[in-house]
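Q: The sequence isn't on hand, but the structure is:
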């Protein structure tokens, strides 16, 4: 779901259940995943999103926020810096994901 946006393509997605003896998906319709595989994929995605937000927060905090707190609100400069930091992080993440996807497709052919 968020893999392309949040850089979650570093691990293989869960695979569907192997075909049953009748050649189908073991009683499931085409395109459906085993509920355990769905749960594992959702947990993996949640971990990736949580990790991404932690890294993003630490990176932009260290870059943009003053270490001395003279006011409880962000200054305009801190706010602008934080907005730009987050935007650049997502832009770079998207570009890297696109390049990795193209590279992966080229290697599969």
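A: Thanks, I have the structure now. Please read these numbers as outputs of a predicted model, since none were measured by experiment.
Q: Just say helix, strand or coil for residue 48.
A: Counting by DSSP: H, G, I helix; E, B strand; the rest coil, the backbone at residue 48 sits in helix.
Q: Now do it against residue 79, distance only.
A: Separation of residue 48 from residue 79 (Cβ to Cβ, to the nearest Å): 27 Å. Where you see a C-beta, it was placed from the backbone N, CA and C, and this is true even at glycine.
Q: residue ranges with poor pLDDT in the protein?
A: 1-31 (pLDDT under 70).
Q: what about the strands in it?
A: Counting by DSSP state E, the chain has no strands to list.
Q: Would you map the helices across it?
A: If DSSP state H is used as the criterion, the helices of the chain fall at 3-6, 35-64, 76-108.
Q: Give me the more crowded residue out of residue 48 and residue 79.
A: residue 48 (18 against 13; other Cβ atoms under 10 Å).
Q: For the more buried one, give its distance to residue 74.
A: In this view, residue 48 and residue 74 are 27 Å apart by Cβ to Cβ.
Q: Then residue 93?
A: Shown here: residue 93 relative to residue 74, a distance of 23 Å by Cβ to Cβ.
Q: Equivalent analysis for residue 106, please.
A: Residue 106 sits 44 Å away from residue 74, going by Cβ to Cβ.
Q: Of these two, which one has the most company?
A: Neighbours per residue, other Cβ under 10 Å: of residue 106 and residue 74, the larger number sits with residue 74, 14 against 8.
Q: Hmm, residue 61 and the more buried one touching each other?
A: No - contact criterion Cβ atoms under 8 Å: residue 74 and residue 61 do not qualify, at 11.1 Å.
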